[in-house]
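Undergrad: only geometry, no sequence info:
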């Protein structure tokens, strides 16, 4: 996803130190989050595996932390932006920490889905743009909106699935306050905003084929919306839906695009 941002908005200029920083920090944050995730109302082979192999996530956490620290020093001049990304990433998983101070964050977690979408968008769009220190252009804002609304639409489906777990944990997400009709309406509004933002990119140096590729994951997520609200399998969520966030990025690796 970071590579795609570089390809479309930074003329393909790749900061490999930043790519490795994101790679290792993602391993760190995911391992931290899943190490603290030990139960779910919904049957999940993944949760069962985590319960049996927590040591694996602990090892991956330390490997990721070491790699993140190494590449942080290569990017030290941008420490301010990296620190912001670290704090907001930590805050998403913080309510899972078994301490009263962090548990209390659950009471203000109504925007957790918005927050998660913002974190993903920030790290994969705003952060690489800021580190590149290039003048901001109008297309940057449309691309940021494109990515945010796609990720938010995907996160909404995850939020729908996690309603029972959130209720037990005392987390009152936005979805828990809405009825079925309201959830459906919000989802299609978000996906419409994603579509508009994507088409707006065509005014700039994004060609028709690239626009079509950027739209593909949104179309697939829209087609899977009703199915995903009835089938909560790990494969459909952690492979298919999660994969849609980066799907257009993979498609752009095809030569000639």
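TA: That came through fine. Keep in mind it's a predicted model, so treat the numbers as computed, not measured.
Undergrad: so where is the stretch 1-150 of the chain shaky, pLDDT-wise?
TA: Where the stretch 1-150 of the chain drops to pLDDT under 70, the residues are 38-43, 94-112.
Undergrad: what ranges does it have for its helices?
TA: 2-9, 16-35, 45-52, 54-74, 79-93, 100-103, 112-121, 127-132, 138-161 (DSSP state H, counting those that start in this stretch).
Undergrad: check the stretch 151-257 of the chain too.
TA: Going by DSSP H, counting those that start in this stretch, the stretch 151-257 of the chain shows helices at 163-169, 180-200, 208-228, 234, 242-251.
Undergrad: chain neighbours aside, what residue packs nearest to residue 241?
TA: Among residues not flanking residue 241 along the chain, residue 154 sits closest, at 5.5 Å (C-beta to C-beta, 6 or more residues apart in numbering). Any C-beta I mention is one placed from the backbone N, CA and C, and that applies to glycine too.
Undergrad: for the one you found, give me its contacts.
TA: 221, 241-242, 244-245 (C-beta atoms under 8 Å, 6 or more residues apart in numbering).
Undergrad: cutoff 6 Å now
TA: For residue 154, the contacting residues are 221, 241, 244, by C-beta atoms under 6 Å, 6 or more residues apart in numbering.
Undergrad: minimum pLDDT in these, which residue is that?
TA: Lowest pLDDT within these is found at residue 241 (94).
Undergrad: pLDDT wise, what is the residue nearest to residue 241 at?
TA: So, for residue 154, pLDDT stands at 96.
Undergrad: same check on the one 5 residues further on?
TA: pLDDT for residue 159: 86.
Undergrad: and residue 253, by the same measure?
TA: On pLDDT, residue 253 comes in at 88.
Undergrad: now it: how far from residue 213?
TA: 11 Å (C-beta to C-beta, to the nearest Å).
Undergrad: show me which of those two is the more surrounded one.
TA: Neighbours per residue (other C-beta atoms under 10 Å) separate residue 253 from residue 213, with residue 213 holding more: 21 against 10.
Undergrad: residue 66 versus that one, what's the distance?
TA: 35 Å.
Undergrad: just residue 237 next, same as before
TA: For residue 237, the distance to residue 66 - C-beta to C-beta - is 30 Å.
Undergrad: same check, this time on residue 242
TA: 25 Å.
Undergrad: check residue 29 too.
TA: Residue 29 sits 14 Å away from residue 66, going by C-beta to C-beta.
Undergrad: same check, this time on residue 226
TA: Separation of residue 226 from residue 66 (C-beta to C-beta): 43 Å.
Undergrad: next: residue 83.
TA: Counting by C-beta to C-beta, the gap from residue 83 to residue 66 is 18 Å.
Undergrad: so residue 197 sits right up against residue 143, yeah?
TA: No: counting by C-beta atoms under 6 Å, residue 197 stays clear of residue 143, with 7.7 Å between them.
Undergrad: done for today, thanks.
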